[in-house]
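Asker: need a 3D model of the following:
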Amino acid sequence: MTALSVNLNKLALLRNSRGRNYPDLQHYARRFIELGVQGITVHPRPDERHIRRQDALELAELLKDFPEVEYNIEGYPAVDFLELVSKCRPRQCTLVPDAADQLTSDHGWDFTQQLENLKPIIARLKQQGIRVAVFLDPDPLQAELAARSGADRIELYTEDFASTFGTPQGREVFGNYLKTAGCAQELGLGVNAGHDLNLENLPDFLSIPDILEVSIGHALTIESIDQGMDHVVKRYLEICQAANTGN
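Answerer: Residues are numbered from 1 along each chain as shown. Alright, predicted model coming up:
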């Protein structure tokens, strides 16, 4: 079964637009957990335009009451981000190569340039008992290099898959993901995935064997507005439970 981790960034963005604690992230984290999700994800950015540092700390405290639920913090490994992660001690930290002013994640790490820079950061996080994933484009060479970094998992950046889904070039693009996932798994890396996965395209993506976790926020939030939160989370969990995984 593939684990579903819900990204709370979009709810935080809605809250921040009105200047009061509504929607309350603690309330919605609890609701998602009650509905059966296996993880909560946040991606704090330097400008705190959605998830704030305080949110990350408060969610870390909340999730102590739910040890079966994984806490995943994503972000660029700047000094202040790494300090926050050390305070929160999430189960997983996903390193993402975002610029400070970036609207959203739009590419994976280039390990031909960053391997030596990331090695000590990954080692430091693992020494704290934190599983480390690295955001990666669908490229087997990058997976081979990521395996040398000490990371435990890769998270496949799935925008290319989502944007070509249902088009003539979609199958070729999907093949790149299939090859990269297989390469990573052969090298002992776990495989996560995220970015623009939704109820329509997720079943096809999870035909890739042994995807351990998907992180979904934007689409899940919009679909919940359209169809209702309980129904949408139930459908995601059904898709993930049906996934081809031996774990």
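
Asker: the spatially most central residue of the chain: what's it in contact with?
Answerer: Residue closest to the mean C-alpha point of the chain, counted by CA atoms, centre = their mean, is residue 215 at 4.0 Å. Contacts for residue 215 (CB atoms under 8 Å, 6 or more residues apart in numbering) come out as 5-7, 39, 41, 72, 74, 94, 155, 192-194. The way it works is simple: take the backbone N, C-alpha and C, and place the C-beta from them, glycine included.

Asker: can you rerun that using 7 Å?
Answerer: Shown in contact with residue 215 (CB atoms under 7 Å, 6 or more residues apart in numbering): 5, 7, 41, 72, 192, 194.

Asker: one more: residue 33?
Answerer: Residue 33 touches 66, 69, counting by CB under 7 Å, 6+ apart.

Asker: so it is in which element?
Answerer: Assigned by DSSP states H and E, residue 33 belongs to helix 25-34.

Asker: gap between that helix and the chain center?
Answerer: The chain centroid and the centroid of helix 25-34 are separated by 17 Å under CA atoms, centre = their mean, to the nearest Å.

Asker: what's the helix or strand that that helix is followed by packed up against?
Answerer: Under the assignment DSSP H and E, the closest C-terminal helix or strand after helix 25-34 is strand 39-42. Strand 39-42 sits against strand 3-7, helix 53-63, strand 70-75, with contacts defined as 3 or more CB pairs under 7 Å, 6 or more residues apart in numbering; DSSP states H and E.

Asker: make a markdown table from the ones you listed and add mean pLDDT to it.
Answerer: Shown next, in a markdown table, are the helices and strands packed on strand 39-42 (pLDDT from 0 to 100):
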| stretch | mean pLDDT |
| --- | --- |
| strand 3-7 | 98 |
| helix 53-63 | 98 |
| strand 70-75 | 98 |
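
Asker: which of these sits closest to residue 45?
Answerer: When the helices and strands packed on strand 39-42 are compared by CB to CB, strand 70-75 sits nearest residue 45, at 7.2 Å.

Asker: can you pull out the helices in the protein?
Answerer: Listed in chain order, the helices of the chain (DSSP state H) span residues 9-16, 25-34, 53-63, 79-88, 111-127, 140-147, 159-164, 170-186, 202-205, 218-227, 229-241.

Asker: tell me which of those lies nearest to residue 134.
Answerer: Closest among the helices of the chain, using CB to CB: helix 140-147, at 5.4 Å.

Asker: which outside residues touch that closest one?
Answerer: Helix 140-147 has contacts (CB under 7 Å, 6+ apart) with 108, 111-112, 115, 134, 136, 154, 179-180, 183-184, 187-189.

Asker: can you list the residues you listed in a markdown table and add distance to residue 173 and pLDDT?
Answerer: Formatted as a markdown table, those follow (distance: CB to CB, whole Å; pLDDT from 0 to 100):
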| residue | distance to residue 173 | pLDDT |
| --- | --- | --- |
| 108 | 15 | 93 |
| 111 | 21 | 96 |
| 112 | 22 | 96 |
| 115 | 25 | 97 |
| 134 | 21 | 98 |
| 136 | 15 | 97 |
| 154 | 17 | 98 |
| 179 | 11 | 98 |
| 180 | 11 | 98 |
| 183 | 16 | 98 |
| 184 | 17 | 98 |
| 187 | 22 | 98 |
| 188 | 25 | 98 |
| 189 | 21 | 98 |
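
Asker: which residue is most remote from the mean position of the protein?
Answerer: Going by CA atoms, centre = their mean, the residue of the chain most distant from its centre is residue 168, 27.5 Å out.

Asker: quick one: that residue from residue 207, how far?
Answerer: Residue 168 sits 18 Å away from residue 207, taking CB to CB, to the nearest Å as the criterion.

Asker: count the residues that sit near residue 71.
Answerer: Burial of residue 71 is recorded as 24 neighbouring residues (other CB atoms under 10 Å).

Asker: could you pull up the residues touching the nearest residue to it once chain neighbours are set aside?
Answerer: Distances taken as CB to CB, 6 or more residues apart in numbering put residue 90 closest to residue 71, at 4.0 Å, once the chain neighbours are dropped. The contact partners of residue 90, taken as CB under 7 Å, 6+ apart, are 60, 71-73, 130.
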